[in-house]
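Enquirer: Predicted model follows, preceded by the sequence.
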Amino acid sequence: MIYGYARVSTDEQSTKIQTDALRAAGCEKVFTDDGVTGATMARPGLKKLLKRIAPGDRLVVTKMDRLARSLSGLISLLDGLKTRQVEFTSLGEHIDTSSPVGRAMWQLLGVFAELERSMIVERTKEGRKAAKAAGVRFGRTPKLTTQQIEHARQLRDDGKQIRQIAALLSVERTTLWRALRD
């Protein structure tokens, strides 16, 4: 049996182009994951596919990055397929693991995919560092201002209960406790 797998990262994208190419390549059944990043293995369509695939079957994807985003993830998945005697084909990279050249090519392309991902991570880190240097504050906006926290401390010192102060400031008690602790 020839199975296909298609994935898009956001809900705004469509798997139609991929599924059409997979069907044209002879896939009898195509599994999809819509709006799921390749960085996670929590992909219901892929899980269903991996449960169903059996020795002698073939898995086809339009591009290797649809299957996995990291070299370790790709190698792990393809090694699992090899152990189960399942062949793999990537249409975009012209890789077919039934041949020695195909196996070498997917390993080489996987290295380049990992390099690209690492470069993206480095650029992101540099961007965050530059933004922090420019005064950008990351994370949630605090629910209480410095003045509100000082006011809450004063109210607590005057004998008000935390529950009353939290209600007055329209925050949860845990938020108030956390702010007073800092």
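Expert: Done, it's in.

Enquirer: The lengthiest helix in the chain: what's the following helix or strand?
Expert: Taking DSSP state H as the criterion, the chain has its longest helix at helix 100-133. Counting by DSSP states H and E, the next helix or strand C-terminal to helix 100-133 is helix 146-157.

Enquirer: what's that next one packed up against?
Expert: helix 162-169, helix 173-181 (3 or more C-beta pairs under 8 Å, 6 or more residues apart in numbering; DSSP states H and E). For the C-beta atoms, the positions are set from N, CA and C on the backbone; glycine is no exception.

Enquirer: quick one: average pLDDT of the longest one?
Expert: Mean pLDDT, computed over helix 173-181, is 91.

Enquirer: What of the shortest one?
Expert: For helix 162-169, mean pLDDT is 92.

Enquirer: report the angle between the axes of that helix and helix 146-157?
Expert: 150 degrees (axes from the mean of the first three to the mean of the last three C-alpha atoms, to 10 degrees).

Enquirer: Low-confidence stretches in the protein?
Expert: Within the chain, the stretches with pLDDT under 70 are 36-41, 109-110.

Enquirer: Report all helices and strands that the longest helix of the chain contacts.
Expert: Partner elements for helix 100-133 (3+ C-beta pairs under 8 Å, 6+ apart): helix 71-83, strand 95-96.

Enquirer: Please name the residues that touch the closest residue to L81 other than its chain neighbours.
Expert: Nearest residue to L81, sequence neighbours excluded (C-beta to C-beta, 6 or more residues apart in numbering): F88, at 5.6 Å. When contacts are counted by C-beta atoms under 8 Å, 6 or more residues apart in numbering, F88 touches 58-61, 78, 81, 95-97, 106.

Enquirer: right, and the pair among these with maximum separation?
Expert: R58 and W106 (14.0 Å; C-beta to C-beta).
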